[in-house]
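>>> this one's sequence-less:
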């Protein structure tokens, strides 16, 4: 937990390389630490390492499949990788777990609009 907190602190300070190192240390100490994997994914995303971020979000979800935030983060990353069909599947999964997840609805709307589809109403 201390390494994850340190990672969050480094991330807030803008030291993304040290944040990655701290999250990786937390994961070595506790490989099933889904929150640290999710945070590592977010940090990798900030470093424009989208493919690596996808791997971390998927790892978090393999440990905690009902982690709506990780599903949303994965979906947004897939959207950035120009994979809107895959993103919509992940947004839908996040919303099935957390139906009031406004951010997921908004992002799914962008994905569906890009696909020429309709946006579901709240």
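The structure has been received and is ready for your questions. Keep in mind that what you see is a predicted model, and the values were worked out from it rather than measured.
>>> going forward, measure contacts between C-alpha atoms and count neighbours the same way
Noted.
>>> would you confirm that residue 105 contacts residue 91?
Yes. In this structure residue 105 lies within contact range of residue 91 using C-alpha atoms under 8 Å: 7.5 Å.
>>> who's more crowded, the two?
residue 91 (27 against 22; other C-alpha atoms under 10 Å).
>>> so who does that one touch?
Residue 91 sits next to 71-72, 75, 104-105, 107-108 when contact means C-alpha atoms under 8 Å, 6 or more residues apart in numbering.
>>> relative to residue 76, how far out is it?
The spacing between residue 91 and residue 76, counted by C-alpha to C-alpha, to the nearest Å, is 8 Å.
>>> where do the contact lists of those two overlap?
With contacts defined as C-alpha under 8 Å, 6+ apart, the residues shared by residue 91 and residue 76 are residue 107.
>>> got the confidence number for the residue nearest in space to the middle of the chain?
The C-alpha lying nearest the average C-alpha coordinate of the chain belongs to residue 73 (C-alpha atoms, centre = their mean; 2.5 Å). Looking at residue 73, its pLDDT is 98.
>>> can you list the buried residues in whichever helix or strand it is part of?
Taking DSSP states H and E as the definition, residue 73 sits inside helix 68-80. Across helix 68-80, burial judged by 16 or more other C-alpha atoms under 10 Å covers 68-79.
>>> same question for stretch 26-35.
So, applying 16+ other C-alpha under 10 Å, buried residues of stretch 26-35: 26-27, 32-35.
>>> and that stretch, how far out from the chain's middle?
16 Å (C-alpha atoms, centre = their mean, to the nearest Å).
>>> what do you get for stretch 41-48?
That offset, for stretch 41-48, works out to 9 Å (C-alpha atoms, centre = their mean).
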